[in-house]
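Novice: Quick check, what structure comes out for this input:
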Amino acid sequence: YLKKFTSLGLEVKPEEIFSSSFAAAAYFEQNPLPEGKKVYIIGQEGIGEELDLIKVPHFGGPADAGKVIKLGPGVKVEHDHDVGAVVVGFDQNINYYKIQYAQLCINENKDCKFIATNLDAVTHLTDEQEWAGNGSMVGAIKGCTGKEPIVVGKPSPLMIDYIVDKYKIEKSRICMVGDRLDTDVLFG
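Specialist: Take a look at the predicted model:
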């Protein structure tokens, strides 16, 4: 995001940019996991990096990109019963293993939270076309769990309230930049 702002001629510091990965970490800062619990990530590196900053244990994400389930008689996926939350962010390497692992944690681990960084239906990864967004990944998990996620990024007020409280900034001094009417503008 910093490169994008710079290319537009805007002087922005990295610490002034708040992404949906940041919103996931802010959620756990405000709602800590019980002792011994950890987070399973469907998403890119950014979620794990943000969770590292607040010392929330996690796994999955890019490390599970190549995992494959070979279905057959007696096949099952073992999951960690200490997962207290599944965070679903944009993941260009989403696969059946990640979906199954998340489903097991959410459906079988007592009080496991289902967190979505955002619900964007599509995203703009290239100038050539729109691409399936995080909402499609969240939809896969909703479909197999029957549960609604806690949305922590746009348009949820959690992120703006966190920024106002932590940095003592008036809401009227915050600028929202985005390209989606249903999430970004609604959030703004």
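Novice: right, and the helix or strand after the helix or strand harbouring V138?
Specialist: Taking DSSP states H and E as the criterion, V138 maps to helix 134-145. Scanning forward in sequence from helix 134-145 by DSSP H and E, the next helix or strand is strand 150-151.
Novice: and that following strand, average pLDDT?
Specialist: Strand 150-151 shows a mean pLDDT of 95 in the predicted model.
Novice: That strand - contacts with which helices or strands?
Specialist: strand 113-116 (3 or more C-beta pairs under 8 Å, 6 or more residues apart in numbering; DSSP states H and E). The C-beta positions use only the backbone N, C-alpha and C, and glycine is treated the same way.
Novice: Tell me which helix or strand comes right after the strand it packs on.
Specialist: strand 122-123.
Novice: Work out the sheet partners of that following strand and label each with its direction, please.
Specialist: Strand 122-123 has these partner strands in its sheet, going by DSSP bridges: strand 131-132 (antiparallel).
Novice: In which helix or strand does the residue of the chain positioned farthest from its centre reside?
Specialist: Taking C-alpha atoms, centre = their mean, the residue of the chain most remote from its mean C-alpha position is P73, at 33.6 Å. For P73, there is no host helix or strand (DSSP H and E).
Novice: circling back to that earlier point, please identify the buried residues of the helix holding V138?
Specialist: Buried residues in helix 134-145, defined by neighbour count with 16 or more other C-beta atoms under 10 Å: N134, G135, S136, M137, V138, G139, A140, I141, K142, T145.
Novice: tell me the contacts of the last one?
Specialist: Okay, so that is T145. A102, Q103, I106, N107, F114 (C-beta atoms under 8 Å, 6 or more residues apart in numbering).
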